[in-house]
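Asks: sequence-free structure coming up:
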């Protein structure tokens, strides 16, 4: 019963925080105006967020194609309802469910009050961008529901494929390197050995059933470090 109450409290806290952030974002979005003359068809638009960066492809005429997690298409096929602006809660639940869609929104709705950076990846990629018309065509061709993965297929993979022909994500690469640096280290090897020995002593278990898995895990961590 106590666990259920704790989970309910955590969900309520997350929901309340999300709603507050959503209200703040909406207020910013209402006040912000964007100069559409700065963008041309095929441009890659980047909007820095608090924890991540969101990407989209400008199609022209105040339209941006972008991939965004959304739980709503899982439960309904009502296009009018799905076309409404994706809320933070819809986004979070969509990411958990690995459900997303490539959709077209106005520049204002896409940016959601944030600053827009145009074609920042041109300086980072070894290959040049495709023709703007081809970029726009690719972006439009993929519009619709897609299988989402935070690490392996997110909004950055989508725009990189459209503009450069290669679905990669620098954000995912940085995250994986950080995780590898934390878990695939000599310190983690020592910790795994200590845990194995501690479990064996505490449970008075047969060393064959605890130390062999410990050695296998430790060896894998060591070889990956």
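Replies: Sure, I can see it. These figures come from a predicted structure and were not determined experimentally. Numbers count the residues shown, from 1 in each chain.
Asks: Now do the contacts for the spatially most central residue of the chain.
Replies: Nearest to the geometric centre of the chain sits residue 150, at 4.2 Å (Cα atoms, centre = their mean). Shown in contact with residue 150 (Cβ atoms under 8 Å, 6 or more residues apart in numbering): 95, 172. C-beta here means a position set from N, CA and C on the backbone, and glycine is covered the same way.
Asks: ok, it to residue 156 distance?
Replies: 11 Å (Cβ to Cβ, to the nearest Å).
Asks: Secondary structure class of the nearest residue to residue 111 once chain neighbours are set aside, three-state.
Replies: Sequence neighbours aside, residue 47 is the residue nearest to residue 111 in space, at 5.2 Å (criterion: Cβ to Cβ, 6 or more residues apart in numbering). Look at residue 47: counting by DSSP: H, G, I helix; E, B strand; the rest coil, its state is strand.
Asks: Find the residues that touch each one of residue 150 and residue 156.
Replies: With Cβ under 8 Å, 6+ apart, residue 150 and residue 156 have common neighbours residue 172.
Asks: circling back: test my guess that the residue nearest to residue 111 contacts residue 113.
Replies: No - the pair residue 47 / residue 113 is not scored as a contact, 9.1 Å apart, by Cβ atoms under 8 Å.
Asks: Which one's more surrounded, those two?
Replies: residue 47 (21 against 15; other Cβ atoms under 10 Å).
Asks: Quick one, grab the pLDDT at that one.
Replies: pLDDT recorded at residue 47 is 96.
Asks: and residue 107, how many neighbours?
Replies: 21.
Asks: That one and residue 66 touch, don't they?
Replies: No - at 10.6 Å, residue 107 does not count as touching residue 66 under the criterion of Cβ under 8 Å.
Asks: So residue 151, which state does it fall into?
Replies: Classification of residue 151 using three-state DSSP returns coil.
Asks: Look up the closest residue to it, ignoring the ones flanking it.
Replies: residue 172 (4.8 Å).
Asks: Looks to me like the one you found is in a helix.
Replies: Yes - Residue 172 forms part of a helix when assessed by three-state DSSP.
Asks: From residue 153, how far out is it?
Replies: Applying Cβ to Cβ, the value for residue 172 to residue 153 is 9 Å.
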